[in-house]
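Q: With the input below, show me the fold.
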Amino acid sequence: MKTPFAVAVMAFLAAPALALDPLEPGASVAFLGLHFIDTSTEGAYNGVREDEVARLALLEDAVRARFVAEGFELVDLAPVAEELERTLNPASCNGCDLRMAERLGADYALVGEVQKVSNLILSMNLALREVGTERLVRMLAVDIRGNTDESWLRGGRYILDRHVFAEESPEAAQD
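A: Numbering: from 1, shown residues only. Below you'll find the predicted structure:
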C-alpha cells in the first residue's frame with residue numbers, strides 16, 4: 001500500500017523537469033521533523049536502535065542549520081507540540097503538516113522520512129510545501145548506502161545542495 005506521501009513523491013518526480021521557483025530567504029519554515037521507518041528484518045526482531053535515533057536527530061539538526069544558514073526563519077513548534085507528539089508521521093498525515101504550519105504562521109511546511117530497508121539500503125526524502133497554496137515546491141527522495149552518520153548526512157546534503165537550494169533546474173542539477 002502506498003502512502004499519500006509516496007504518491008506525492010512519485011507524482012513530483014514524474015513531472016517534467018522545469019526550473020525551480022526560487023525560495024524566499026527570510027520566509028518562515030515549520031520544520032516538523034523527520035520520521036524513521038524501519039522495514040528491515042533487524043528492526044522487526046530487535047526494535048529501535050539508539051544509534052539510529054541519534055542519527056535521526058543529527059540529520060534533523062543538519063537540516064535546521066542549513067535552512068538557517070540560507071536565511072530562513074525556523075518557527076517555534078511549541079504551540080503545536082502536543083499535536084505533533086500525537087502525530088505518528090507528519091510526512092504522511094493527510095495535510096496535518098500544513099494545518100500545523102498555518103497555525104504557526106509559517107510560510108512553508110517541511111517534513112521528511114528516512115526508511116531503513118537494511119543496514120546497507122536506506123531511503124530518505126524531504127518535502128517542502130508552501131502553506132498558503134499547499135503547493136509542493138521542493139521534494140526529493142534519495143537512496144543511500146550504509147547506515148552510518150556520514151551516509152545519512154551525505155544523503156541529506158545531497159537533497160539540500162542538489163534540489164532544495166539548487167539554483168538550476170532539476171534537469172541541470174542531474175548533470
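Q: Just give me the longest helix of the protein.
A: Counting residues, the longest helix in the chain under DSSP state H turns out to be helix 50-69.
Q: Please enumerate the strands of the protein.
A: For the chain, the strands defined by DSSP state E occupy 28-38, 73-74, 108-116, 121-130, 136-145.
Q: Deepest-packed of the ones you listed, please.
A: Of these, the one with the most neighbours on average (mean count of other Cβ atoms under 10 Å) is strand 108-116, at a mean of 23. The C-beta positions use only the backbone N, C-alpha and C, and glycine is treated the same way.
Q: on contacts alone, who are the packing partners of that strand?
A: In terms of contacts (3 or more Cβ pairs under 8 Å, 6 or more residues apart in numbering; DSSP states H and E), strand 108-116 is packed against strand 28-38, helix 50-69, helix 96-103, strand 121-130.
Q: While we're on the residue in the chain sticking out farthest from the centre, how confident is the model there?
A: Using Cα atoms, centre = their mean, the residue of the chain lying farthest from its centre is residue 45. It sits 26.9 Å away. Predicted confidence (pLDDT) for residue 45: 89.
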